[in-house]
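Asks: What would the 3D arrangement of this be:
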Amino acid sequence: MTPRERVVASIRRGPTDALPWQFDMTSAIRAKLRHYYQTEDLLTATGDHLVWTGLGTPRGYVPPAAAPGLYRTEFGAVWRREARDTQIGDWGDLIDYPLKEPSLAGYAFPDGSAPGRADHVPLARQRYPDHFLVVSGPSLFEAAWALCGFENYLAYVMAEPAFVGELTGRLAEFHCAQIAQLAGTNVDAVRLGDDWGFQDRLMVRHETWRRLFRESYRRVFEAVHRVCPFVMLHSCGNITDILPDLIDVGLDVVHPLQPEAMDVERCQREFGRDITFWGGLGCQSTLPLGTPADVRAEVRHRLRLFAGGGYILAPAGAVPTDTPVENVVAIIEEAKGQLGDRA
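Replies: Prediction:
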């Protein structure tokens, strides 16, 4: 089977010769692995089943100027992403945001239907015909707080629900329009990214999430299913409470299944028939703090638990920078070992 066929088979609970696997890694971990394997081709070295691209800016778009070390998004948010950020990860910091008040008055929303956003996607499909191709980028929660500032936005969720509803609807409209440009590109999935969880619970009340966000997710998920088979959602933290809602509105795959935040066995038992879990290897525990033997044991447990499919073996997020390279290699060897290849 090809990697692409293996991922599709696992999501659909079909017959497969092995469960698929995938690696998110910080820049520092990628550098460690390139040195370990003496290659620049980490896709081959790791056997990763997924390849990535994103939805871009319109044809002819020129990013507004920003100071050195900063970049300004199409929405007007300003982020810092410098070399120092790779010491802990690759995320950077929000420096400035365009909506200083809970109002869209005077704000020029980008046009999701502006042509050219998916021009590069057919080239990615052509380059990786045998891998599962994921387009990532859309978000409702994270895009919103990047427009307002994180703390401000959380306050608006509670105190300004009409504004939050309007902003969420406009973001859904934007994403539906850009997703429509993926029609005919032969992508396998679109992955949204919204971190809804604290370590032990949702960031907002469940009923608030349902009232303000659930139907917008349905709208975006339906747009994805019009252009490709699967919709995925990345959401760190404990999001157990909203898994039934996400399943109901059409989610196929959820990432990253953090074992420090969610009960892996409960998730498989209660939801494993209805949704595919992607992740499950502890990035806050086993990977940075354990031994290679600990990592191998965790990998083997996950492979046994999800033996019937509905699983993509992966770290629960990007492998953190302080992870020993031997622990990453242990995952790779155990994953490949499913096929009799531990080299």
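Asks: rest of the way, CA atoms for contacts and neighbours
Replies: Noted.
Asks: what about the strands in the stretch 151-300 of the chain?
Replies: Shown for the stretch 151-300 of the chain, the strands assigned by DSSP state E, counting those that start in this stretch span residues 189-193, 230-234, 253-255, 276-281.
Asks: Let me have these in a markdown table, extended by mean pLDDT and distance to Ala177.
Replies: Output for the strands of the stretch 151-300 of the chain, formatted as a markdown table (pLDDT from 0 to 100; distance: least, CA to CA, whole Å):
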| stretch | mean pLDDT | distance to Ala177 |
| --- | --- | --- |
| strand 189-193 | 98 | 13 |
| strand 230-234 | 98 | 16 |
| strand 253-255 | 98 | 22 |
| strand 276-281 | 98 | 26 |
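Asks: what's the most buried one of those strands?
Replies: strand 276-281 (a mean of 26; mean count of other CA atoms under 10 Å).
Asks: which helices and strands does that one pack with?
Replies: Counting contacts by 3 or more CA pairs under 8 Å, 6 or more residues apart in numbering; DSSP states H and E, strand 276-281 is packed against strand 253-255, helix 292-305, strand 311-315.
Asks: chain center to it, what's the gap?
Replies: On the basis of CA atoms, centre = their mean, to the nearest Å, strand 276-281 sits 11 Å off its chain's mean C-alpha point.
Asks: Just want the angle from it to helix 292-305.
Replies: Between the axes of strand 276-281 and helix 292-305, defined by axes from the mean of the first three to the mean of the last three CA atoms, to 10 degrees, the angle is 160 degrees.
Asks: Give me the contact list for strand 276-281.
Replies: The contact list for strand 276-281, computed with CA atoms under 8 Å, 6 or more residues apart in numbering, reads 10-11, 252-259, 264, 287, 298-299, 302, 309-317.
Asks: ok so, going back, would you convert the strands of the stretch 151-300 of the chain into TSV that also reports distance to Ala223?
Replies: Listed next are the strands of the stretch 151-300 of the chain as TSV, based on distance: least, CA to CA, whole Å:
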stretch	distance to Ala223
strand 189-193	10
strand 230-234	9
strand 253-255	16
strand 276-281	20
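Asks: quick revisit: can you add distance to Gly237 and give the helices and strands packed on strand 276-281 back as TSV?
Replies: Shown next, in TSV, are the helices and strands packed on strand 276-281 (distance: least, CA to CA, whole Å):
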stretch	distance to Gly237
strand 253-255	10
helix 292-305	19
strand 311-315	14
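Asks: from these, which stretch is densest packed?
Replies: Most buried among the helices and strands packed on strand 276-281, given mean count of other CA under 10 Å as the contact rule, is strand 311-315, at a mean of 28.
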